[in-house]
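Novice: one predicted model, sequence on top.
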Amino acid sequence: MAVPEPRPLDGIDPDHLERVVATAERAVIRIAPWTSRYPIMDGTQGPASRAVFASLMFAAGLPDGPLDRIVDLTRAALTVACLDDLADGVIPGYSCAAVEALARDCAALWAGEAETGRRARARRAVGDEEGQVLAAYRDCVERVAGYPAYRWAGRPLARAWRRAFASTVLETRWRFGLAPTPTTLDDYLPVRAQSVFYPALCATALAASHLPPVADGAVRAYEDACHLAGLAVRVANDLQSVERELAEGSPNAMAILLASGHTMRQAADELLAILGAALADLTEALTLLPPVLAGLGDQLARMTRFTCAWYLARDTYGLTSQGLRDLTSHPRPDRRPA
């Protein structure tokens, strides 16, 4: 029997699906006043909302909530999507230098550095794009800093966001022709696994918690797992976005393999093998976490499984709450090996 085509919700445990979707819908409602205050955060998708996918991703990781935490993590994910739009030119008018300056300021906010005059002026000018971005980032940081774990996890949190911003800046330089575009996966994937911001969001999940302090070695083990998760999500994302990014001339793992002589099928097979290996390595890495981080590890595993399955089925653009409900109205076929 042929293997059914992947469906976006295949990565969610069927026993959790109803709770996950209901929680995501509540999170979208809760976050609406925030996206109304900072409309740049929700993109330019008309009636669609980025908050639908972002809240669904975190609800998949936390099927039993709490809702407040899912909403706070969703806000962080929306700031990522917004900066990505600026860096990729989806929101036009930003030079490479402007993107770098904004990324530097946002990284400083996550690091808890004293506010500069430039950031203060921009944040007060919330009517413009830069002011909205900085004000929204500051709001996210302040919310995460209110969790008990932030007191000891703030440093790895800042480190993860700095890595992500640095990778985004390098990608922006690629786009503007100010740095050589990578021609091998060895040069490409380490950068793009960070610029997908998934490790930074997973670090945010650590800080935005009530976990007691853990040893530095345990934090590093969690960071290693987050890197593997980021690699898996990046590869799945590239498989989904290859046609759009080839048309845009944007860097993409498939494009690199095609340029090296692979056929489309060969390139897809190689990336699927890398994705499978990353997920297997992630499963092993999570076994190395101490018991105090086991729940967080389970959250990371569920969230990553969902996100990769979603990207293998469709992109995240144009999703509405009604569209999400429509997806759940179709029964999923039994998945049997070919």
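Specialist: Okay, I see it.
Novice: ok, the closest residue to residue 94 other than its chain neighbours - how many residues close by?
Specialist: Nearest in space to residue 94, with sequence neighbours left out and distances taken as Cβ to Cβ, 6 or more residues apart in numbering, is residue 86 at 5.1 Å. Backbone N, C-alpha and C define where each C-beta goes, glycine included. The local packing of residue 86 (other Cβ atoms under 10 Å) involves 22 other residues.
Novice: check residue 86 and give its pLDDT.
Specialist: The pLDDT attached to residue 86 in the predicted structure is 85.
Novice: so that it lines up with my notes, have the first residue be 29 from now on.
Specialist: Sounds good: first residue 29 from here, last item residue 114.
Novice: so what's the spatially most central residue of the chain up against?
Specialist: Ranked by distance to the mean C-alpha position of the chain (Cα atoms, centre = their mean), the top residue is residue 226 at 3.9 Å. Taking Cβ atoms under 8 Å, 6 or more residues apart in numbering as the contact definition, residue 226 lies against 254, 257, 258, 261, 262, 332, 335.
Novice: can you read off the backbone torsions of residue 97?
Specialist: Dihedral angles phi and psi of residue 97 (degrees, to the nearest 10) take the values phi -70, psi -40.
Novice: how about the closest residue to it other than its chain neighbours, what does it touch?
Specialist: Ranked by Cβ to Cβ, 6+ apart and with sequence neighbours excluded, the top spatial neighbour of residue 97 is residue 236, at 6.0 Å. With contacts taken as Cβ under 8 Å, 6+ apart, residue 236 has the following neighbours: 97, 100, 101, 171, 172, 175, 177, 178.
Novice: can you name the next helix or strand after the helix or strand bottoming out on mean pLDDT in the chain?
Specialist: Taking mean pLDDT, DSSP states H and E as the measure, the chain has helix 145-152 as its least confident helix or strand, at a mean of 54. Past helix 145-152, heading to the C-terminal end, the next element that is a helix or strand (DSSP states H and E) is helix 157-173.
Novice: what's the angle from the helix or strand following that following helix to helix 157-173?
Specialist: Scanning forward in sequence from helix 157-173, with DSSP H and E defining helices and strands, the next element found is helix 178-203. Helix 178-203 and helix 157-173 are oriented at 150 degrees to each other (axes from the mean of the first three to the mean of the last three Cα atoms, to 10 degrees).
Novice: list the buried ones in helix 178-203?
Specialist: By neighbour count, and taking 16 or more other Cβ atoms under 10 Å as the criterion, the buried residues in helix 178-203 are 178, 181-182, 184-203.
Novice: outside of the helix or strand that it is followed by, which residues touch it?
Specialist: Of the helices and strands lying after helix 178-203 in sequence (DSSP H and E), the nearest is helix 213-223. Helix 213-223 has contacts (Cβ under 8 Å, 6+ apart) with 191-192, 194-196, 198-199, 210, 227-228, 255, 258-259, 261-263, 266, 279, 281, 284-285, 302.
Novice: scan this protein for its longest helix.
Specialist: Under DSSP state H, the helix in the chain containing the largest number of residues is helix 244-276.
Novice: buried ones in the very next helix or strand once past it?
Specialist: The element immediately downstream of helix 244-276 (helix or strand, assigned by DSSP H and E) is helix 281-287. By neighbour count, with 16+ other Cβ under 10 Å as the criterion, the buried positions of helix 281-287 are 281, 282, 283, 284, 285, 286.
Novice: one step back: now do the same for the residue nearest to the centre of the chain: its pLDDT.
Specialist: Reported pLDDT for residue 226: 97.
Novice: on that earlier part again, ok, now which ones touch the residue nearest to residue 122?
Specialist: If you count contacts by Cβ under 8 Å, 6+ apart, residue 114 has them with 122, 127, 130, 157, 161.
Novice: farthest pair in these?
Specialist: 127 and 157 (11.7 Å; Cβ to Cβ).
Novice: so what's the gap between stretch 109-125 and the chain middle?
Specialist: Put simply, stretch 109-125 sits 17 Å off its chain's centre (Cα atoms, centre = their mean, to the nearest Å).
Novice: still on that earlier bit, minimum pLDDT in the contacts of residue 114, which residue is that?
Specialist: The lowest pLDDT within those belongs to residue 157, which sits at 83.
Novice: quick one: residue 280 and residue 300, what's the gap?
Specialist: When Cβ to Cβ, to the nearest Å is the yardstick, residue 280 and residue 300 sit 15 Å from each other.
Novice: before we move on, what about residue 244?
Specialist: Residue 244 sits 35 Å away from residue 300 when distances are taken as Cβ to Cβ.
Novice: show me the contact partners of stretch 189-201.
Specialist: Outside stretch 189-201, the residues that touch it by Cβ under 8 Å, 6+ apart are 108, 111-112, 115, 124, 127-128, 131-132, 134-135, 138-139, 207, 219-220, 222-223, 225, 227-228, 231, 279.
Novice: mind checking which of the residues you listed land in helices?
Specialist: By the criterion of DSSP H, membership of the contacts of stretch 189-201 in helices covers 108, 111-112, 115, 124, 127-128, 131-132, 134-135, 138, 219-220, 222-223, 227-228, 231.
Novice: buried among these? Need that as a selection in ChimeraX.
Specialist: Per 16+ other Cβ under 10 Å, the buried members of the ones in helices among the contacts of stretch 189-201 correspond to this ChimeraX selection:
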select :108,111,112,115,124,127,128,131,134,135,138,219,220,222,223,227,228,231
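Novice: before I go, just wanted to say thanks for your time.
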